[in-house]
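In: structure of the sequence below:
(one chain, ligands or ions: 1)
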Amino acid sequence: MTATTLRIADLRLGFRTWAGMAEVLHGISLHIDKGERVALVGESGSGKSVTARIILGLLQQLRSARISGTLEFEGTDLDRLPDAERHRLRGTKMSMIFQDPTSSLNPVYRIGTQFHEVLKRAEPGITEAESRAKAVARLADVAIPDPERALESYSFQLSGGMNQRVMIAMALANEPSLLIADEPGTALDVTVQAQTLKLMRDLVEEHHTSVLFISHNLGVVREFADRVYVIYKGRIVEQATAEGLFADPRHPYTRALLSAVPRITGGGIPEIEDVSEDYFQPLVVHEGCGEPGEARP
Ligand SMILES: Nc1ncnc2c1ncn2[C@@H]1O[C@H](COP(=O)(O)OP(=O)(O)OP(=O)(O)O)[C@@H](O)[C@H]1O
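Out: The predicted structure follows:
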């Protein structure tokens with residue numbers, strides 16, 4: 001039997017607003033097996049980032065958010081974990097990479113200091129010398145040419161591509177079981193983004209890290225993911241292997257999303273102007289891609 005790293009069942013989210021409840025997620029179910037790279041793909045505002053933030057336990061703190069559903073991480077119901085343990089998971093067994101490294105690297109601390117903080121989360125007693133040695137090895141893994149020098153640098157002294165690699169190195173430093181990658185590299189130019197993604201793929205493959213890959217770029221998803229969930233306005237509309245989805249997109253929304261991919265770059269932000277009633281058609285599950293425990297179609 002395959003081990004499941006993450007299982008989400010019937011996740012619902014609403015925000016209390018001055019105008020009443022704004023429902024954002026309408027019962028999302030998904031799972032990621034160990035070592036699997038799963039993409040959640042959909043246009044802007046469809047609910048990808050909020051899903052990631054709920055997995056990390058970040059949205060639960062927001063008083064205006066009303067969340068229900070089940071979240072299981074390596075067989076443990078996350079809602080039953082005491083806050084301190086849930087907090088400990090972040091940056092150790094679960095970590096996240098953001099699209100723009102400048103939003104997560106702190107400009108006022110040297111990279112070495114930030115690395116030390118990351119490593120301390122998993123190993124509170126780690127000395128500066130030990131963490132330095134580890135950080136050098138991790139930076140070498142992501143092909144940073146002079147790791148010692150990078151550790152002495154501030155993020156604004158490094159290029160965008162270097163910062164992205166530093167962020168990948170930090171996110172993987174504690175060997176998490178789950179990596180959430182939110183549009184990694186979108187802030188970079190296309191070639192650097194492709195290199196960064198390849199590097200990330202090689203590393204997660206090597207360590208059997210499970211990945212939730214969030215993107216609106218279908219070209220990138222095709223390169224990176226084993227399996228794909230297509231999300232539209234807070235609902236999963238199609239789930240398939242990456243190969244199956246591109247060979248045989250079945251849901252009207254997926255088809256619209258695919259045809260909106262700019263032809264030249266094979267990526268970019270699709271914009272689907274017309275909201276069609278067809279996009280609200282029921283979920284399409286490709287053969288063998290259902291949720292564990294649910295009846296297969
Ligand atoms: N704190 C909040 N309060 C109210 N509404 C919110 C809040 N955070 C997100 N939303 C709403 O939830 C919906 C989903 O947002 P989310 O950021 O998950 O979209 P996304 O699919 O990640 O889009 P993008 O690709 O642009 O990042 C949006 O309509 C957004 O306006």
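In: for residue 69, grab the count of nearby residues.
Out: 16 (other C-beta atoms under 10 Å). C-beta here means a position set from N, CA and C on the backbone, and glycine is covered the same way.
In: before we move on, what SS does it have?
Out: Under DSSP: H, G, I helix; E, B strand; the rest coil, residue 69 falls in the strand class.
In: residue contacts, the residue nearest to it when sequence neighbours are not counted?
Out: Spatially, and ignoring its direct neighbours in sequence, residue 69 is nearest to residue 11 (3.6 Å; C-beta to C-beta, 6 or more residues apart in numbering). Contacts for residue 11 were tallied using C-beta atoms under 8 Å, 6 or more residues apart in numbering; they are 25, 27-29, 51, 54, 67-71.
In: of these, which pair is most distant in space?
Out: Greatest spacing in those, by C-beta to C-beta: 29 and 67 (14.5 Å).
In: who has more neighbours out of the two?
Out: Neighbour count, other C-beta under 10 Å: between residue 29 and residue 67, residue 29 has more, with 20 against 17.
In: doesn't that one belong to a strand?
Out: Yes. Counting by three-state DSSP, residue 29 is located in a strand.
In: ok, the contacts of residue 11 vs the ligand, which is closest?
Out: Nearest to the ligand among those: residue 51, at 6.6 Å, using C-beta to the nearest ligand atom.
In: which residues of the stretch 151-297 of the chain score low on pLDDT?
Out: For the stretch 151-297 of the chain, the stretches flagged by pLDDT under 70 are 185-187, 261-274, 295-297.
In: and it, which residues reach the ligand?
Out: residue 216 (C-beta under 6 Å from any ligand atom).
In: so what touches the longest helix along the chain?
Out: Longest helix in the chain, counting residues (DSSP state H): helix 190-207. Contact partners of helix 190-207, identified using C-beta under 8 Å, 6+ apart, comprise 35, 37, 97, 141-143, 160-161, 164-165, 168, 172, 175, 179, 181, 184-186, 188, 209, 211, 220, 223-224, 265, 267.
In: mind checking which of the residues you listed land in helices?
Out: 141, 160-161, 164-165, 168, 172, 220, 223-224.
In: with neighbour count added, can I get the residues you listed in a markdown table?
Out: Listed next are the ones in helices among the contacts of helix 190-207 as a markdown table, based on neighbours: other C-beta atoms under 10 Å:
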| residue | neighbour count |
| --- | --- |
| 141 | 19 |
| 160 | 18 |
| 161 | 17 |
| 164 | 29 |
| 165 | 24 |
| 168 | 27 |
| 172 | 21 |
| 220 | 24 |
| 223 | 15 |
| 224 | 22 |
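In: nearest to the ligand, of these?
Out: residue 220 (13.0 Å).
In: returning to what we had before: closest to residue 112 out of the ones in helices among the contacts of helix 190-207?
Out: So of the ones in helices among the contacts of helix 190-207, ranked by how close each gets to residue 112 (C-beta to C-beta), first place is residue 165, at 15.1 Å.
In: name the nearest residue to the closest one, sequence neighbours excluded.
Out: Using C-beta to C-beta, 6+ apart and skipping residues adjacent in sequence, the residue nearest residue 165 is residue 142, 4.2 Å away.
In: give me the neighbour count for the one you found.
Out: For residue 142, the neighbour count with other C-beta under 10 Å is 22.
In: for it, give me its contacts.
Out: Here residue 142 is in contact with 165-166, 168-169, 199, 203 (criterion: C-beta under 8 Å, 6+ apart).
In: okay, it and the ligand: tell me how far apart.
Out: Distance, residue 142 to the ligand, by C-beta to the nearest ligand atom, to the nearest Å: 25 Å.
In: kindly report the same for residue 56.
Out: 13 Å.
In: what about that residue, neighbour count?
Out: Here the number of neighbours of residue 56 (other C-beta under 10 Å) works out to 19.
In: repeat that for residue 238.
Out: Neighbours of residue 238 using other C-beta under 10 Å come to 26.
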